[in-house]
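# My questions concern the predicted model and sequence given below.
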Amino acid sequence: MSEPLYRALGLTDDEAEAIEKLLGRQPNNLELSMYSVMWSEHCSYKSSRLHLRRLPTEAPWVLVGPGENAGVVDVGDGIAAAIRIESHNHPSAIEPYQGAATGVGGILRDIFTMGARPIALMDPLRFGPLEDARSRWIAEGVVSGVSGYGNSVGVPTVGGETVFDATYQGNPLVNVLCLGTLPVDRLVLGVATGVGNLAVLLGNRTGRDGIGGVSVLASVGFSDDEDDAAKRPSVQVGDPFEEKRLIEACLTLLDEGLVVGIQDLGGAGLTCAASETASRGGTGMDFDVSAVPRREAGMEPFEVMTSESQERMLAIVEPAGIDRVMELCARWEVEATVVGRVTAGGQLRILQGFDGEVLADVPASTLHDDAPLYDRPMAPPAGIDDFRADLASVALPAPDDVGLDLLEMVTDTSWVWSQYDHQLFLNTVVGPGGDASVLRLKHPISGIDTGRGLALTTDGNHRWCALDPREGTAAVVAEAMLNLACVGARPLALVNCLNFGNPEHPEVMWQLSEAIDGMTEACRVFDVPVVGGNVSLYNESQGADIDPSPVVGLLGMVDDLAAVPPGLTWADGDRLLLVGSASSHELSGSAWAFGRGHRRGTLPPLDLVSVTAVASVVRDLVAAGLVSAAHDVSSGGLGGCVAEMAVASGIGARLARVADHADLFHESMGRVVLAVHPDRLATVEDRLGDAAVEVARIGLASGDRLSVKGLFDLSVGQLTERSRGRLPDALGHGNTQA
Amino acid sequence: MTTVGVVQFPGTNCELDALEAIGHLGGTGQLLWHGDDTVAGVDAVIVPGGFAHGDYLRPGAIARFSPVMQAVVAFARSGGPVVGICNGFQVLTEAGLLPGALQKNRDLKFLCAMAEVQVASDNSVFTSRTNVGDVLRIPVNHFEGNYTCSAETLAELEAEERVVLRYVDNPNGSVGDIAGICNGTRNVVGLMPHPERASHRLLGSEDGLPLLGSLLDAAGVTA
């Protein structure tokens, strides 16, 4: 006997039974395919919702929290900022260029859906090791895809991260964050209200690309290469020029107040947009599937309703405004078609012509709100006590040559971000390569400069989270806090992208739950609301789950952007201070230990209160213009931190008071290196003293060598060459996939 | 009052930046829609950067057929100051207002970076406020910025001193390190660097201001 259809669509026996119960009858095939995409892991968060509820989401400045297309916060002067982060991991593993490109396209739509003009992108990327040919192919394709789409669509990519590690071999992570600004009074939501209003489909024609993408790609892991190749038709193809016109057309419609509600078409396509707008609006919708413009002939209704063709939006418009909507869309050469009518009663009906045959008839809210909620079994991994007891500082011998180890650890990522337009809109005061990016905050309509700045950082660290998802995730949030502090910004809101393995593995669910608890703890101490997020599960390859990889995006405010923040570059003669104290010199979880194959042990304890104090005083010193450079100590420890600063400055430094390799490479969180002109040293030290944070004089910036007394002595030229050469040497100086 | 018109094609993305920089200099700007066949009311034209018509087919290849470009060509032929920046430079070469073409960068990669350019001629509507030999720090942001032309054209450009800007450290393989050129009557200039991105101290350079200021001067003469 052949397998029932619902299983082929990715639904379980229990889910199929639940659908039948909701409808009081057997669903037909179209209905079944609609439920299958809406109840997929990607759309319904069925494994994670239960845990996500624990995150703190409220603050007086939050206008829209999690659950909408993007989080929105009030940033003053009548301006609101919309922010969202999403993953496009699985499509990028299969077709790197288009996977990444459509990831950018999707996140942009989430932002302008809210009425905001997208002003910045960030892309935290994770790839397999540079030694692996396929990982290099993926890395180059993903970077080309972000570049090809982002540059062309006209939104600058102002930062991100690029990490290479064996855990991502076969399953890269492509996360994309977008920030937009809007006048506070233009905020719109994805709701369909007003019986008789029209649903207008804008943008691209609907094709067979990406059918079932959410259930096929985003909600299962990868096994072997032949299967992956078969999944390729589920990857969508992006058209940045279509998206650019769509952005301009939608923002024009919003400017003229023509739109009641608007929703982008992403995962689950028209099914998602129609059911979510109706469900949120407490209404129903009659949807004429025959009206949808198609790219190819012979498409079945289920294909039209679940296609993930890119660059489409669904706008809810009053009948009186429809002529003007059509006129403005024609001006921007955006195709616009009435495909639905808002109805009373809450039913979503899919029709063959508004007066034609009823192909599907389901309560809209059941697709959206009645998705299953799983409390999946969770358990710490077996042998966790032994795992944590195996300390790197005990297991690993001291290196013969500390300098050589340091040389291996510093990677300049400009190969990646020099391919991205990171300057468009004349906002970028600090771009990629710094601790956090800083953008001038201008009014999105008038263009008037507020004299203030928005700061943005993305952070993640799979090493810390592999050892301890709870403490590691809290440390990631702490790092983001310190990154903002180094550019003089205070935090406003956090978004997260939770990249984890297969949720059907109890240890993965345990990791997810622990990570959410760690994030909650840190956000509470730092008083930062979580305004949105994305969960990406089933990141696994050949049966192995990736290390838990929560990524956070933290938005901050620079209250007075009078000068360019100091950045990483010190001047000859600057005194170097280390602010904050190490809780221990334990090397477990450090880049140094992982580089030596030791991926176990216990992290140095994290003191969130101490991090708050360090962040606060560093922020004040930077804002007061008292330091020449500020850089937080994270991956690579103190050694990595000062090496990056030396490379950025082209000037060396002599350090002392670093006891040994453990002192140099441990990653105890909550420390910042400051470079201070000798004339300002007393003032800075006074302020640090008043703040009651620990501070140590560790050295002097000078000359063309970076040395630590008794440990190593490297030329800045050699460090620079190795740091800048690593990516071009591995990935090539040219581009082959654009 | 002098007004600088900034052309907007579908896919253009630097039009507001150009307007902001012009405003920063005390000038007045207005957008010129690609579908309108007139540039009436403006004293100078900027064809800004971006991806007009998605750069599909070839950068500038579709844009040059826009109604507004017929008006821009007529305006230029009558002596009006016209500047093409980045994608705008590509459009002007496709439209036949400037010789040569922009091909893919030598490294076959998009490049967004600060560049140093040296003024090679101060005799044009975009360099009159500078002096030959001045070194300006102005960002580049392009995939197709590698200027190329025939040997005859190059000889002509050099003989007539129509190369207005040269890269100090050639980032894209352009022949003769060419970053910008002008036409024979010196009222049409095309360049790959983005002067509007070097127009504010918080952006790391203000070296674009003398170039944009030169255009305002030229517009004032026309007005």
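Now that the structure is in, tell me what you want to look at. Numbers count the residues shown, from 1 in each chain, chains lettered A, B, ... in the order given.
# Let me know how buried the closest residue to residue A:623 other than its chain neighbours is, in neighbour terms.
Leaving aside its sequence neighbours, residue A:623 sits nearest to residue A:488 (CB to CB, 6 or more residues apart in numbering or on different chains; 4.2 Å). C-betas here are computed from N, CA, C, even on glycine. Using other CB atoms under 10 Å in any protein chain shown, residue A:488 is surrounded by 30 other residues.
# Return the distance of residue A:488 relative to residue A:669.
Here the criterion is CB to CB, to the nearest Å. By it, residue A:488 lies 20 Å from residue A:669.
# List the buried residues of the helix or strand of chain B with the lowest mean pLDDT.
The least trusted helix or strand in chain B, going by mean pLDDT, DSSP states H and E, turns out to be helix B:209-222, with a mean of 92. Within helix B:209-222, the residues scored as buried using 16 or more other CB atoms under 10 Å in any protein chain shown are B:209, B:210, B:211, B:212, B:213, B:214, B:215, B:216, B:217, B:218, B:219, B:222.
# Any stretches of the chain with poor pLDDT?
Using chain A here. For chain A, applying pLDDT under 70 flags the ranges A:1-2, A:210, A:212-235, A:733-738.
# that's the wrong chain, I wanted chain B
Chain B contains residues with pLDDT under 70 at B:222-223.
# now the helices for it?
Taking DSSP state H as the criterion, chain B carries its helices at B:15-24, B:67-77, B:87-94, B:151-159, B:209-222.
# Give me the neighbour count for the closest residue to residue A:399 other than its chain neighbours.
Counting by CB to CB, 6+ apart, the nearest residue to residue A:399 once its immediate chain neighbours are dropped is residue A:405, at 5.0 Å. The tally of other residues near residue A:405 (other CB under 10 Å) stands at 20.
# helix or strand for residue A:405, which one?
Using DSSP states H and E, residue A:405 sits in helix A:402-409.
# Contacts for the helix or strand following that helix, please.
Later in the chain than helix A:402-409, the nearest helix or strand by DSSP H and E is helix A:414-417. By CB atoms under 8 Å, 6 or more residues apart in numbering or on different chains, the residues outside helix A:414-417 that reach it are A:125, A:143, A:157, A:159-160, A:162, A:431-433, A:724, A:727-728, A:731, B:112.
# can you pull the contacts of residue A:110?
By CB under 8 Å, 6+ apart, residue A:110 lies in contact with A:69, A:70, A:84, A:86, A:178, A:264, A:266.
# For these, give me TSV that also has neighbour count and secondary structure.
As requested, the contacts of residue A:110 are arranged in TSV below (neighbours: other CB atoms under 10 Å in any protein chain shown; DSSP: H, G, I helix; E, B strand; the rest coil):
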residue	neighbour count	secondary structure
A:69	25	coil
A:70	27	coil
A:84	31	strand
A:86	24	strand
A:178	30	strand
A:264	28	strand
A:266	26	coil
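# Among those residues, which one lies nearest to chain B?
residue A:178 (15.5 Å; CB to the nearest CB).
# beta partners of residue A:556?
Here residue A:556 sits in beta bridges with residue A:455, residue A:491, going by DSSP bridges.
# That one and residue B:83: what is the separation?
38 Å.
# who's more crowded, these two?
residue B:83 (30 against 27).
# before we move on, the earlier item: which helices and strands does the helix holding residue A:405 pack with?
Counting by 3 or more CB pairs under 8 Å, 6 or more residues apart in numbering or on different chains; DSSP states H and E, the packing neighbours recorded for helix A:402-409 are helix A:591-595, helix A:637-649, helix A:661-665, strand A:712-715, helix A:716-731.
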